[in-house]
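K.L.:
Sequence first, then the predicted structure, then my questions.
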Amino acid sequence: LIYNILNLLQMLDLIIKNAKVCTSSDVFVCDIGVQNKEIVLLEKNINQKSKEILDADGKYVLPGGIDGHCHLDQPMKDGSVIADNFESGTKSAAFGGTTTVIPFAVQYKGDNLRKVIQDYHKKAEGQCYIDYAFHTIISDVSNKILHQELPAIIKDGYSHFKIYMTYDDLKLNDREILDVLSIAGKEKAVVMVHAENHECIMWLTEKLESEGKISPKYHAVSRPDIIEAEATNRAISLSRLTKTPVLFVHISSKEAIEAIRNAQTKGFKILAETCPQYLFLTKDKLDQKDFEGAKYVCSPPPRTKEDQIEVWKGIQNGTFDVFSSDHCPFFYEGKKGKDVKGKNASFSKIPNGCPGLETRLPLLFSDGVMNKKISINKFVEITSAKPAKIYGLYPRKGTIAIGSDADLVIWETGINKTIKNKDLHHNVDYTPYENIKVSAWPKTVICRGNIIVNDGKLNISKGFGEFQKSGISEYVY
Ligand code: DUC
Ligand code: ZN
Ligand code: ZN
């Protein structure tokens, strides 16, 4: 009896045999033992009993992806509707090898921050296929919000938020940014910055529109790299003035990358994120007949081939810390998406954003790791480990180690697959990456020890995903 009890106590929930385990620092071959949602053994030839055994057959096994930037069920002010809610967005993410998403909870002016967070919890509760945390977006910087609500939510598990330097509904001026940064510095929060110069965008937009230049391609003309670089340089100065780190989101161009690299070299605490649209799309995608270019309208816009090369370099040399999707999906067809103001309306009326939750990791794995632009450790670093560290989820998430959540992805490599929107699981009618060939795709996706996707089949029901409180970032000190 005692033997039986002991044996039962030792029973594992899952063993993954013959895994080529990759973290942000190591690659080693072993079996992975999982019990009670966590990794409990990393060992050659685990002999214990297990309820389930999977043979990875020598394939790469990586920590589940963390997508640190996506927009799900976020209300818009222009009548458009974000195409994915927490159900469809997290399902799509799961198929693409992501086991944690961090969408935004937006505070519009006048909103109480606690109420905003509660509202997003209601949207997400019972709907998610994978785990989730929240970033807030702070657009109202009244005294009460800065001195009471913001410090309180940071302590409660929402230790990172985004601010905007553009968009009428959201933008903060320099003085407001200084106020926000000084509070964030004190409370040890991560401030994510959307850096584009609002006045320049407005000036260029009015000029273009007055000349009748309104088709989608002028979106890119109205938001050139100079205005991203200007705002980036300015925000670096504000960060230095307040001695508070900032994280630049969706960085797209050579000049902004140079500004960030320079600041990092001088020892300023500047972090940066880039996204698939800046590696795999160029601005000529916006220059197509009829309204087709609207599919690629996002901000900042896709740039040139030369900028893409600089983005790759920035990933290689460590300028970029995070690679996220910035999944912000709008339907191409119908009146609630890209077409909300009509196909003949100005580019400035087209909702900004592209989908990308499911394709983020396969695109980077294929063109980055398989084509030898980056190591597999770098891949894990920017898609999982560093987002976990920066957003206060490490080492629960972001690595394969004893005691970490068993969020694991077994990768199929050396395949020949063409991205087709009909095969994706998001709720939007196009992908900007249609027909791009990839050579790697997640075969098995495991979240907290549960096989959630296997060989293209979903194995769990919605509601499996759990909220993850964020601790204080390892990068703010
Ligand atoms: N910024 C984002 O982060 N996402 C979509 C549009 C934008 O401007
Ligand atoms: Zn943004
Ligand atoms: Zn975004």
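P.N.:
Cool, the structure landed. Ligands and ions are numbered 1, 2, ... in the order given.
K.L.:
I'd like the distance between Leu41 and ligand 1.
P.N.:
40 Å (CB to the nearest ligand atom, to the nearest Å). Where C-beta positions appear, they are placed from N, C-alpha and C, glycine not excepted.
K.L.:
secondary structure element for that residue?
P.N.:
Taking DSSP states H and E as the definition, Leu41 sits inside strand 38-43.
K.L.:
I'd like to know which elements that strand is packed against.
P.N.:
When contacts are defined as 3 or more CB pairs under 8 Å, 6 or more residues apart in numbering; DSSP states H and E, strand 38-43 packs onto strand 27-35.
K.L.:
tell me the angle the strand it packs on makes with strand 38-43.
P.N.:
130 degrees (axes from the mean of the first three to the mean of the last three CA atoms, to 10 degrees).
K.L.:
Need the residues that contact strand 27-35.
P.N.:
11-21, 39-46, 48, 50, 58, 61, 376-377, 400, 406, 408, 446, 449 (CB atoms under 8 Å, 6 or more residues apart in numbering).
K.L.:
hmm, which of those residues are the buried ones?
P.N.:
12-21, 39-40, 42, 46, 50, 61, 376, 400, 406, 408, 446, 449 (16 or more other CB atoms under 10 Å).
K.L.:
Take those residues and keep only those in helices.
P.N.:
Ile376 (DSSP state H).
K.L.:
Which of the buried ones among the contacts of strand 27-35 fall within strands?
P.N.:
Secondary structure from DSSP state E places 14-21, 39-40, 42, 61, 408, 446 of those in strands.
K.L.:
which secondary structure elements does the very next helix or strand once past the strand holding Leu41 contact?
P.N.:
Downstream of strand 38-43, the next assigned helix or strand under DSSP H and E is strand 53-55. The helices and strands touching strand 53-55, judged by 3+ CB pairs under 8 Å, 6+ apart, are strand 14-22.
K.L.:
from the middle of its chain, how far away would the strand it packs on be?
P.N.:
26 Å (CA atoms, centre = their mean, to the nearest Å).
K.L.:
One more: stretch 427-435?
P.N.:
Stretch 427-435 sits 18 Å away from the centroid of its parent chain (CA atoms, centre = their mean).
K.L.:
Ok, stretch 321-328 next?
P.N.:
That offset, for stretch 321-328, works out to 3 Å (CA atoms, centre = their mean).
K.L.:
If we look just around ligand 1, which residues of this protein are in range?
P.N.:
194, 249-250, 298-299, 326, 328, 352-353 (CB under 6 Å from any ligand atom).
K.L.:
Which positions in stretch 407-418 come out as buried?
P.N.:
407-412.
K.L.:
One more: stretch 418-432?
P.N.:
Applying a neighbour-count criterion of 16+ other CB under 10 Å, one finds 419, 421, 424-432 buried in stretch 418-432.
K.L.:
model confidence over it, on average?
P.N.:
Model confidence over stretch 418-432, given as mean pLDDT, is 98.
K.L.:
what's the straight distance from one end of that stretch to the other?
P.N.:
One end of stretch 418-432 to the other measures 13 Å (CA to CA, to the nearest Å).
K.L.:
Name the residues that touch that stretch?
P.N.:
The contact list for stretch 418-432, computed with CB under 8 Å, 6+ apart, reads 83-85, 88-89, 91-92, 94-95, 277, 280-281, 285, 295-296, 327, 329-333, 337, 354-359, 362-363, 433-438.
K.L.:
Quick one: buried ones out of those?
P.N.:
The neighbour count (16+ other CB under 10 Å) marks 83-85, 88-89, 91-92, 94-95, 277, 280-281, 285, 295-296, 327, 329-332, 337, 354-359, 362-363, 433, 436, 438 as buried among the contacts of stretch 418-432.
K.L.:
I'd like the buried residues of stretch 407-418 as JSON lines, with distance to Glu310 and pLDDT appended.
P.N.:
Output for those, formatted as JSON lines (distance: CB to CB, whole Å; pLDDT from 0 to 100):
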{"residue": "Asp407", "distance to Glu310": "32", "pLDDT": "99"}
{"residue": "Leu408", "distance to Glu310": "33", "pLDDT": "99"}
{"residue": "Val409", "distance to Glu310": "29", "pLDDT": "99"}
{"residue": "Ile410", "distance to Glu310": "33", "pLDDT": "99"}
{"residue": "Trp411", "distance to Glu310": "27", "pLDDT": "98"}
{"residue": "Glu412", "distance to Glu310": "31", "pLDDT": "98"}
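K.L.:
Please check the residues of the chain next to ligand 1 and keep the buried ones.
P.N.:
194, 249-250, 298-299, 326, 328, 352-353.
K.L.:
Now for the residue nearest to Gln10 when sequence neighbours are not counted: which residues touch it?
P.N.:
Take Gln10 and drop its neighbours on the chain: the residue closest to it by CB to CB, 6 or more residues apart in numbering is Gln48, 5.4 Å away. When contacts are counted by CB under 8 Å, 6+ apart, Gln48 touches 10-12, 15, 33, 41.
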